[in-house]
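Engineer: Got a sequence here, can you model it:
(2 chains)
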Amino acid sequence: MSASPTSATRQTAVPFHFLSGPLPRYVLRRLSQAVLVLLLVIVGSFFLLKMAPGDLVDVLAGNSDMTAEQMAALRTQYGLDQPLLVQLFLYMKRLVTLDFGYSPLNAAPVLDVIMQRWPVTAILVASSVVVSMTLGALLGVVSARNAGKPIDLAISMVMLLFYATPSFVIAICFILFFSVFLGVMPIAGFATVGTQATGLAYAWDVAKHLAMPVAALCTFYIAIYGRIGRAAMLEVLKLDYVRTARAKGISERRVIYVHALRNAMLPLVTMAGLQVSALVGGAVLIETIFGLPGMGRTAFDAVFERDTNLLLGVLFISSLSVVVVNFIIDLLYMVLDPRVELT
Amino acid sequence: MSLTPAAPLLSVENLSISYGDAVPLVEQVNFTVRRGETVGLVGESGCGKSLTALSVMGLLSENLRTGGAIELEGTNLINLDQKALRHYRGNRMAMIFQEPLTALNPVLTVGAQVVEVLRAHQPMSKAEAEKRAIELLEQVRIPDAAERFHDYPHRLSGGMRQRVVIAIAIACNPSLLIADEPTTALDVTVQAQILQLLKTLQREADLGLLLITHDLGVVRQVADRIVVMYAGAVVEEGPVDAVLDNPRHPYTAGLLAARPHGSFSVQGHRLLDIHGAVPPPTARPEGCLFQPRCIYAQDDCKAVRPQFTTLEADRAVRCFHPVGRQD
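Structural biologist: Residues are numbered from 1 along each chain as shown, chains lettered A, B, ... in the order given. Predicted coordinates for the structure are as follows:
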């Protein structure tokens, strides 16, 4: 690490005075942490992948007849004959220029492959976070306001079902019911194959394709958000400032949604961070079932084909996404709760 | 206003609050608050003071039932549903709470919380409401009100936050102000300032003030009349000086004797206390509520519950054998 600018800014007269506000200092600190995390991810996953038996050439050789000489030549071509540390050094050197290497599996540069796949996962994850958080929070509010009544019980039971049913089971049920039985939803893919649609028509096509995968990814998290939201609302509704709000004579809806829910959102936002982290790499099953060309499935395929470059690239971009999302979540905390200050 | 000058602003008649059908928490509570008058509602913790105040505001939790009548400017609030009640809350009557540190929403600015109550009851544009809110913050003596307007509550001290709560309470010019232990959580010096502020605001707006406290010193300073509660019932009522100088109910007398006073510290007198504790609502005694702790209790006290009876002009007591002088 270079000399830390953060410590320099603590003094008054410093060359980095423009970095001395709480926000720039905070961003710098978080940035250095992020670099460290990403570095660990790269080095860690690099060695982990190299420890696994077999490499790309073994896989290629398995698919075609190849002599030992040809295999050795290929290994030299991909740099696989070099000592591990040299390979790592070369990989990192290329990474600095955003060169993630070449993916033999896709016959394209890794970056191109990821750039193609990343948006699919991003849309999938973002939609399911928004949908599950909104529905979960609403269900939480309704059950907290009716705590102990039949409707609370009914919601609890539905949420228990959501919680306990694996998403892939739900996905398959959706396909059977909506696509096979009713025939109203597309079974798989990100958009209709060969579609020429643009603009809104294309967006509608994509939305139809994503509806079932998003719903399948949501159910579990709706239950989680619902439980957390219910507990948080019950906690907040007992607090003095909610009584103050009621004493003002404002509508009950304002009391609930402006005064109480805003305070009860904090634990939900924490959960959103965890959900993004889990889904960015963990949507493999859903992406596979619905034939979505996302990051999870790309990683899955890369593992089987020993496409180390691609896998490392996916891991790097996924962890970068998680780091960025966590940073956004922390900033969101400050927006939601003014008592949270930059440290 | 169609009210005759003699008609009270707030009249609580035979108020009862019970948990379900079984356990009465508050019974047979009667008192009135007139315009421009300060009534001190006193009693030990758990005697039903705050419940009484919350029931006037209609803020009791849903599992509590109220009976009797609570009339504000001639309207019985008990029969109103929550929607109709909202018109009175924060508008015709307002409440100040005990804990200024938790009474304000931590995620909304002080200004937004004042603006909210203004716009809930008055047709005001956002800009007008903001201007009025800053005036209100100035009126409760918050320095640099225009800047504090944008602050979040955690930036303000307890005393300042209580001023904000007061500003919210007086925002719509209510005729009744209920203050539930408004100074209990504050430093002594701040206490005096807040009481002073309440008195000034009351005088300026001719407010009826219902001050709930367990501090008889505060009552003596601020109140015109005093209502003493014990175990969910009113046991004595009258003008402050008359009651405190010559308490007629043994409980009031006991409360007064239990206060540390001059000779206590100088001459090392023993502090008198009232033997025992307030009975919980589930274990209230037969006969007089105070009888198990009363040193004057006789056989009739144990058998029958005494009625609230007028002694003289404006004094009443719930006791068969009043103590003190008969004026």
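Engineer: Could you check how far A:Phe162 is from A:Phe168?
Structural biologist: Distance of A:Phe162 to A:Phe168, computed by C-beta to C-beta, to the nearest Å: 14 Å. (Each C-beta comes from the backbone N, C-alpha and C, glycine too.)
Engineer: pretty sure A:Asp112 is in a helix, no?
Structural biologist: Yes. Counting by DSSP: H, G, I helix; E, B strand; the rest coil, A:Asp112 falls inside a helix.
Engineer: That one: neighbour count?
Structural biologist: 13 (other C-beta atoms under 10 Å in any protein chain shown).
Engineer: buried ones in stretch A:164-181?
Structural biologist: Using 16 or more other C-beta atoms under 10 Å in any protein chain shown as the test for burial, stretch A:164-181 gives A:Ser167, A:Ile170, A:Ala171, A:Phe174, A:Ile175, A:Phe178.
Engineer: Identify the residues contacting the third one.
Structural biologist: The reference is to A:Ala171. A:Met212, A:Pro213, A:Ala216, A:Leu285, A:Ile286, A:Ile289, A:Phe290 (C-beta atoms under 8 Å, 6 or more residues apart in numbering or on different chains).
Engineer: isn't A:Leu98 right up against A:Leu111?
Structural biologist: Yes. Using C-beta atoms under 8 Å, A:Leu98 is in contact with A:Leu111, at 6.6 Å.
Engineer: Those two: who's more crowded?
Structural biologist: The residue with more neighbours, out of A:Leu98 and A:Leu111, is A:Leu111; 16 against 7, by other C-beta under 10 Å.
Engineer: Spatially, what comes nearest to the more buried one if we skip its sequence neighbours?
Structural biologist: Leaving out its chain neighbours, the residue that sits closest to A:Leu111 by C-beta to C-beta, 6 or more residues apart in numbering or on different chains is A:Phe100, at 4.9 Å.
Engineer: Equivalent analysis for A:Val324, please.
Structural biologist: A:Ala34 (8.0 Å).
Engineer: Now do the contacts for the one you found.
Structural biologist: A:Val323, A:Val324, A:Phe327.
Engineer: How many neighbouring residues does the last one have?
Structural biologist: The number of residues packed near A:Phe327 is 17, by other C-beta under 10 Å.
Engineer: and if you look at B:Ala192?
Structural biologist: 14.
Engineer: Any buried residues in the strand or helix carrying it, and which?
Structural biologist: Per DSSP states H and E, B:Ala192 falls inside helix B:188-205. For helix B:188-205, the neighbour count (16+ other C-beta under 10 Å) marks B:Val190, B:Gln191, B:Gln193, B:Ile194, B:Leu195, B:Leu197, B:Leu198, B:Leu201, B:Gln202 as buried.
Engineer: Relative to B:Pro143, how far out is the fourth one?
Structural biologist: When C-beta to C-beta is the yardstick, B:Ile194 and B:Pro143 sit 15 Å from each other.
Engineer: repeat for the last one
Structural biologist: Applying C-beta to C-beta, the value for B:Gln202 to B:Pro143 is 22 Å.
Engineer: By proximity to chain B, which residue of chain A wins?
Structural biologist: A:Gly249 (3.5 Å; C-beta to the nearest C-beta).
Engineer: picking that back up, where helices are concerned, which of the contacts of A:Ala171 count?
Structural biologist: Among the contacts of A:Ala171, DSSP state H puts A:Met212, A:Pro213, A:Ala216, A:Leu285, A:Ile286, A:Ile289 in helices.
Engineer: Identify the farthest-apart pair in those.
Structural biologist: Greatest spatial distance among the ones in helices among the contacts of A:Ala171 (C-beta to C-beta): A:Met212 and A:Leu285, at 13.3 Å.
Engineer: more neighbours, these two?
Structural biologist: Neighbours were counted for A:Met212 and for A:Leu285 using other C-beta under 10 Å; A:Met212 has more, 24 against 17.
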